[in-house]
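[1] sequence and computational prediction follow.
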Amino acid sequence: MKKVVRIGGGSSGYTLLNGLKELPIHITAVVNMFDSGGSSGVLRDELGILPPGDIRRALAALAEGSKGEILRNLFNFRFQDSGSMSGHSFGNVFLAALSSIYGGDIEGIRKASELLDVKGTVLPVSLDRSHIHAILDDDTMIIGETNIDVPKHDGNKKIKRVLLEPAAQIFSEAGDAIRAADIIIIGPGDLYTSIIPNFLVEGMHEALTQSKAKIVVICNLMTKWGETNDYAASDMVRVILEYSGLQKVDYAICNTAPMDERLVDAYKLEKKSPMLCDEKLKDYAEHIITGNFFSEADIARHDPHKVAEIIAGL
């Protein structure tokens, strides 16, 4: 079977992996590990574990077996009462428990993979505990994923550079998977908080350059205030190339189907807009695949089955 590696994090990773698992491929999800907000941030700070949120999403997405749907719902369940568990995801707490029982984050992930009958492999990009730092165009430094993701500063200011402090090293198994891959998928997801941090870990550049895989970028459907204001698809791919050290990607998958005006208007309230598939994209991608990759819903999401069909045909 072809070996497909997806690099990234966030809720969009759940959607994409859900579609990819239907293909006759071996999937490895290499997951961003630098969250600092919400349930993941609390567990990270209080228990000293790796933030489990994106790992949880990847495990839930790839869960199979007769009880897969039940386990996915359970893993994604979030406590809503006003008690001490409020805001925590069951899956995050469960992963924290497994890590404690079996003596480490990796063993906890492996045991969860067994329980969920996961198709493929879920790996953290790094085992090091590090935080994302963003330097804005006025040289202001924003520390922590959650403060970049939900800006408390002026979100109109552009991000000039992001870095990890302290430095983080690539997890060896993640590096091995990248080197052995036939296809590497980057995105979709929040550019500076879910995607780029993966390319900041030491050893990632070497793994990518030693891989013979075709590189595929799935361009975001929407811009994000505070991160990608006014970005077109070419801007997203250009930034990925800048941080990954790659010269060009093999494929860029870019939605060109119009969205419902009411949905676009709703996103305008969040200062977000559709990310346009522009002419300059051809400067950064050998092949551009356009079409209707949008899932008709009340939120902007890629259709996992449409995207999986494209990946299957590469």
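    Received the coordinates, thanks.

[2] mind listing the strands for the protein?
    2-8, 25-31, 121-124, 131-136, 141-143, 159-165, 183-186, 214-218, 249-255, 285-291 (DSSP state E).

[3] so Ser11 makes contact with Arg56?
    No - Ser11 is not in contact with Arg56 according to Cβ atoms under 8 Å; the separation is 11.0 Å. To be clear about C-beta, it is placed using only N, CA and C from the backbone, and glycine gets the same treatment.

[4] the two: who's more crowded?
    Arg56 (26 against 16; other Cβ atoms under 10 Å).

[5] show the model's pLDDT score for that one.
    We have a pLDDT of 86 for Arg56.

[6] what residue ranges in this protein score low on pLDDT?
    By pLDDT under 70, the low-scoring segments of the chain are 36-51, 66, 68, 82-88.

[7] hmm, 80 instead?
    Scanning the chain for pLDDT under 80 picks out 10, 35-53, 65-76, 78-89, 91, 296-298.

[8] tell me, how many residues neighbour the closest residue in space to Pro304 that isn't next to it in sequence?
    Using Cβ to Cβ, 6 or more residues apart in numbering and skipping the chain neighbours, the partner closest in space to Pro304 is Gly19 (2.7 Å). By other Cβ under 10 Å, 20 other residues sit near Gly19.

[9] residues touching Gly19, list them.
    303-308 (Cβ atoms under 8 Å, 6 or more residues apart in numbering).

[10] quick one: which of the residues you listed has the most company?
    Result: Val307 is most packed of the contacts of Gly19 (other Cβ under 10 Å), 24 neighbours.

[11] you'd agree that one is up against Phe293?
    Yes - counting by Cβ under 8 Å, Val307 touches Phe293, with 5.7 Å between them.

[12] which residues do the two both contact?
    Ile253.

[13] how about the strands of the chain in a markdown table, adding distance to Ser234 and mean neighbour count?
    A markdown table is the format used below for the strands of the chain (distance: least, Cβ to Cβ, whole Å; neighbours: other Cβ atoms under 10 Å):
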| stretch | distance to Ser234 | mean neighbour count |
| --- | --- | --- |
| strand 2-8 | 19 | 24 |
| strand 25-31 | 25 | 26 |
| strand 121-124 | 30 | 24 |
| strand 131-136 | 21 | 20 |
| strand 141-143 | 25 | 15 |
| strand 159-165 | 17 | 16 |
| strand 183-186 | 15 | 25 |
| strand 214-218 | 11 | 23 |
| strand 249-255 | 9 | 24 |
| strand 285-291 | 9 | 17 |
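
[14] export those to CSV and append columns for distance to Leu208.
    Output for the strands of the chain, formatted as CSV (distance: least, Cβ to Cβ, whole Å):
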stretch, distance to Leu208
strand 2-8, 9
strand 25-31, 11
strand 121-124, 15
strand 131-136, 20
strand 141-143, 27
strand 159-165, 17
strand 183-186, 8
strand 214-218, 8
strand 249-255, 11
strand 285-291, 16
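
[15] figure out which of the ones you listed is closest to Leu74.
    Smallest distance to Leu74 across those (Cβ to Cβ): 16.9 Å, for strand 121-124.

[16] which other helices and strands contact that closest one?
    strand 25-31, helix 53-62, helix 105-116, helix 172-180 (3 or more Cβ pairs under 8 Å, 6 or more residues apart in numbering; DSSP states H and E).

[17] rerun at 6 Å
    strand 25-31 (3 or more Cβ pairs under 6 Å, 6 or more residues apart in numbering; DSSP states H and E).

[18] quick one: distance of the strand it packs on to the chain centre.
    Averaged C-alpha coordinates place strand 25-31 at 12 Å from its chain's average position (Cα atoms, centre = their mean, to the nearest Å).

[19] ok, stretch 129-136 next?
    Relative to its chain's centre, stretch 129-136 lies at 16 Å (Cα atoms, centre = their mean).

[20] same thing with stretch 259-277?
    21 Å.

[21] with adjacent residues omitted, what lies nearest to Gly8?
    Gly189 (4.6 Å).

[22] give the contact list for that neighbour.
    8, 10, 12, 195 (Cβ atoms under 6 Å, 6 or more residues apart in numbering).

[23] quick one: the second one and Ile70, what's the gap?
    As defined by Cβ to Cβ, to the nearest Å, Gly10 lies at a distance of 24 Å from Ile70.

[24] which one of those two has more residues nearby?
    Gly10 (22 against 11).

[25] got the phi and psi for that one?
    Here is the backbone geometry of Gly10 (degrees, to the nearest 10): phi 80, psi 180.

[26] wait, what's in contact with it?
    Contacts of Gly10 (Cβ under 6 Å, 6+ apart): 189-190, 194.

[27] just give me the closest of those to Asp138.
    Using Cβ to Cβ, the contacts of Gly10 come closest to Asp138 at Asp190, 21.5 Å.

[28] do you know how far the closest one is from Pro197?
    10 Å.

[29] looking at the two, which is more packed in?
    Pro197 (28 against 24).
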